[in-house]
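Participant: sequence and predicted structure, then a few things I'm wondering about:
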Amino acid sequence: MPVSFLRAALASAPKLPAAALLRAHALLLTSGLAADAALLAHFARHLATAHTRLPAHADAFRALVHLRPRCAHPFNALMSSFTLAGHPSAAFHAFARLASGGSLVRPDGYTLPAALKACVRLGGIGEGRQAHAVAAKAGFLGRLPVRNALVTLYGACGECGDARRAFDEMAERDVVSWTALLSAFVRGGRFAEALGVFAEMDIVPNEATLSTVLVACGRLGVVRAGRAVHGWYVKRERELSLTVGNAVVDMYVKCEKLDLARWVFDSFQTRDIVSWTAMISGLVQCKRPHEALEVFNAMQTSGVKPDKVLLSTVLSACASLGSLESGRWVHEYVERKGIEWDAHVGTSVVDMYAKCGCLDIAVSIFHKMPFKNVSSWNAMINGFALHGHGRQAVECFDSMIASGFPPNEITFITVLGGCCHSGLVQEGRRLFELMKQSYKLSPWEEHYGCMVDLFGRAGLIQEACNVIKSMPMRPSVFTWGALLNACQTHGLVDLSHQILMHVHELESSGSGVYVLLSNVYAVNDRWADVRKLRGLMSEKEMHKEPGSSVIEVNGKTSEFLAGQKNHLNIDEIWDVLSILMKQIHFEGSYALSVNWLVLEYKEVDLASDVNSSALARTYIPGKRLLTWRGGCLIPAQESCVSFH
């Protein structure tokens, strides 16, 4: 191998074959080229990339020692290359041998940052403290790169206090120092302190600094601070870079300012997978799955290929909408592109099929999953619960325990929900006690709410009340609502009125409990109380969220709201409903006389005719209702006195 060819080969990016590395080592030993530190550094990089193929990391270190380098530069290159190649433990072992005298040279000021970076990738706080001690003993703590690396190390390992101390001991700081400390607090979940550090900065921040502080703004939900950062950057640079722009979109998403997030997103000249993921996941998290699928379809036409994280998010949107066709397409895409079928992707697929009504497919996929985690089991248990198979949900829970997966709080919420809908009172009691006694999990309010709902549905109202009394936290409106729903079912008007007094004590409550109570009053002909409650809702500026349904036709989903009159195809919808209702009326007159009750009113005005005796007589518990609208019969609400 000629000398000129050796220089070119070692300086090239592609990996050298094992035989070529051995010949290069021999030539370096015999040609005198070992005196060239830069050339040895290139050789060290090739040794590191060949770590899994030819020499062990100890052999790589010895190969460098045999060449007798005159400085630490080749060893620093070896450590950095080990870290980049995904072998940080090998990098630290090389550092340990160098620091302990395994070579004729000693560590220099660039050795410690390389070693500390390996400790960051390794997540080894113990190794990092050893490197810190070596830096102190060798007198390198006065070097800014070493101090910055220490702040980064302690922050990455969750030691925010040590990161702050290392920062405070610095004689000088640059933007890397400030960004490292900001990242330390953000990684540790101390977002308010991160913003405090940002306020202390006396250096112009860079893009990494701004991206980090935007993360803190998003996690805290302080959109005003986030907008200030956004505005400062645009005023200074005039145009968002992709890195900062992605952070801005994510911040607005976390603050639930989706219109602002979409405005920034639409202004991008180019978008990467991070941009699309931030926007789509934000729409899913904010309960706008229909828009999420629209953005995903736009992404497909842009040429950006989705990764497994984004596909899992899209599957969540499909599950929320019940969009089976879209979900099946994502499933097939994962298999067609050979995307890694990890626990996260598998769980999303199982959850999608279960929520789209294909429980058998969900069960089949769940059993075929090569990797499962607690979330996978939770999705399967929840699938059984959603379909009313409480017994199977409990059996799945027992199988999870037998497989060695410890349940978490979400597991118990799902399995207790399955018990609620199947009336498994004894199983619910057992699971609730198992959660507290065997797994030492502190119940959340959702767990107590499940127990209240379980007892309430079974008519055990006193036990439901006892559960509320035993709660260590203040019951929310949702827990009271579960008890109120039980009172409505069993006609306990007086207790319902007492519950409302508790609801009034809450700072805020939704319209749901008031609607439930109004229905209780209406069933018992207490129309004055219905009118009074409606007035109270008006005072609190409450509005009942309309019911909705979603259907999928030709791969596109459409949502319909109760009482909606502005749909693009409203005339065609009424025509079809008219035909269907006429068929029901004329071909099933006997069924109508038994199971349906026809109202002769075109519209029911609760505000003006709430005391009408005729209206009161039209409600018969257990009957479904029909009312005339648009010249045809349509189903009314389950109770004609519900607020619309």
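Facilitator: Cool, got the structure.

Participant: the closest residue to V213 other than its chain neighbours is in what secondary structure piece?
Facilitator: Leaving aside its chain neighbours, V213 sits nearest to F198 (4.7 Å; criterion: CB to CB, 6 or more residues apart in numbering). (Glycine included, C-beta is placed from N, CA and C.) Here F198, judged by DSSP states H and E, is contained in helix 191-200.

Participant: test my guess that the residue nearest to V213 contacts L182.
Facilitator: Yes: using CB atoms under 8 Å, F198 is in contact with L182, at 6.2 Å.

Participant: and the gap between S275 and S281?
Facilitator: Counting by CB to CB, to the nearest Å, the gap from S275 to S281 is 11 Å.

Participant: before we move on, the earlier item: the helix holding F198 - contacts with which helices or strands?
Facilitator: helix 175-187, helix 207-220 (3 or more CB pairs under 8 Å, 6 or more residues apart in numbering; DSSP states H and E).

Participant: helices or strands next to the shortest one in the packing?
Facilitator: So the one you mean is helix 175-187. Packed against helix 175-187, as judged by 3+ CB pairs under 8 Å, 6+ apart, are the following elements: helix 144-156, helix 160-168, helix 191-200, helix 207-220.

Participant: redo the ones you listed as a markdown table? Include distance to L311.
Facilitator: Output for the helices and strands packed on helix 175-187, formatted as a markdown table (distance: least, CB to CB, whole Å):
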| stretch | distance to L311 |
| --- | --- |
| helix 144-156 | 28 |
| helix 160-168 | 34 |
| helix 191-200 | 29 |
| helix 207-220 | 23 |
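
Participant: just name the most buried of the ones you listed.
Facilitator: Of all the helices and strands packed on helix 175-187, helix 144-156 has the most neighbours on average by mean count of other CB atoms under 10 Å, namely a mean of 25.

Participant: how about the one helix or strand G126 maps to: buried residues?
Facilitator: For G126, the element it lies in under DSSP H and E is helix 125-138. Buried residues in helix 125-138, defined by neighbour count with 16 or more other CB atoms under 10 Å: I125, E127, G128, R129, Q130, A131, H132, V134, A135, A138.

Participant: residue contacts, the first one?
Facilitator: This means I125. C119, L153, Y154, C157, E159 (CB atoms under 8 Å, 6 or more residues apart in numbering).

Participant: select the longest helix from this protein.
Facilitator: Longest helix in the chain, counting residues (DSSP state H): helix 570-587.

Participant: can you spell out which helices and strands pack onto that one?
Facilitator: Contact partners of helix 570-587 among helices and strands, from 3+ CB pairs under 8 Å, 6+ apart: helix 589-595, strand 632-635.

Participant: tell me the SS of F560?
Facilitator: strand (DSSP: H, G, I helix; E, B strand; the rest coil).

Participant: that one: how many residues sit nearby?
Facilitator: Here the number of neighbours of F560 (other CB atoms under 10 Å) works out to 14.

Participant: against L580, how distant is it?
Facilitator: Distance, F560 to L580, using CB to CB: 15 Å.

Participant: ok, now K308?
Facilitator: In terms of CB to CB, K308 sits 43 Å off from L580.

Participant: check G417 too.
Facilitator: Counting by CB to CB, the gap from G417 to L580 is 34 Å.

Participant: the more surrounded of the two?
Facilitator: Using other CB under 10 Å, the more surrounded residue of G417 and L580 is G417, with 23 against 13.

Participant: in which helix or strand does the more buried one reside?
Facilitator: Using DSSP H and E, G417 maps to helix 409-422.

Participant: with just CA atoms, put the helix or strand harbouring I280 into PDB.
Facilitator: Taking DSSP H and E as the criterion, I280 maps to helix 273-285. C-alpha atoms of helix 273-285 as PDB (Å, rounded to 0.1, in the frame of the first residue of the first chain):
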ATOM      1  CA  ILE A 273     -40.800  15.100   9.700                       C
ATOM      2  CA  VAL A 274     -40.500  17.100  12.900                       C
ATOM      3  CA  SER A 275     -42.700  19.800  11.500                       C
ATOM      4  CA  TRP A 276     -45.400  17.400  10.400                       C
ATOM      5  CA  THR A 277     -45.300  15.400  13.600                       C
ATOM      6  CA  ALA A 278     -45.700  18.500  15.800                       C
ATOM      7  CA  MET A 279     -48.700  19.700  13.900                       C
ATOM      8  CA  ILE A 280     -50.500  16.400  13.500                       C
ATOM      9  CA  SER A 281     -49.800  15.300  17.100                       C
ATOM     10  CA  GLY A 282     -51.100  18.700  18.300                       C
ATOM     11  CA  LEU A 283     -54.300  18.300  16.500                       C
ATOM     12  CA  VAL A 284     -54.800  14.800  17.900                       C
ATOM     13  CA  GLN A 285     -54.000  15.900  21.400                       C
END
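
Participant: and the helix or strand that that helix is followed by, average pLDDT?
Facilitator: Moving toward the C-terminus from helix 273-285, the next helix or strand (DSSP H and E) is helix 289-302. Averaged across helix 289-302, the pLDDT comes to 89.

Participant: angle of helix 289-302 against helix 273-285?
Facilitator: Helix 289-302 and helix 273-285 are oriented at 160 degrees to each other (axes from the mean of the first three to the mean of the last three CA atoms, to 10 degrees).

Participant: list the buried residues in helix 289-302.
Facilitator: Quick answer for helix 289-302 (16+ other CB under 10 Å): P289, H290, E291, A292, L293, E294, V295, F296, M299.
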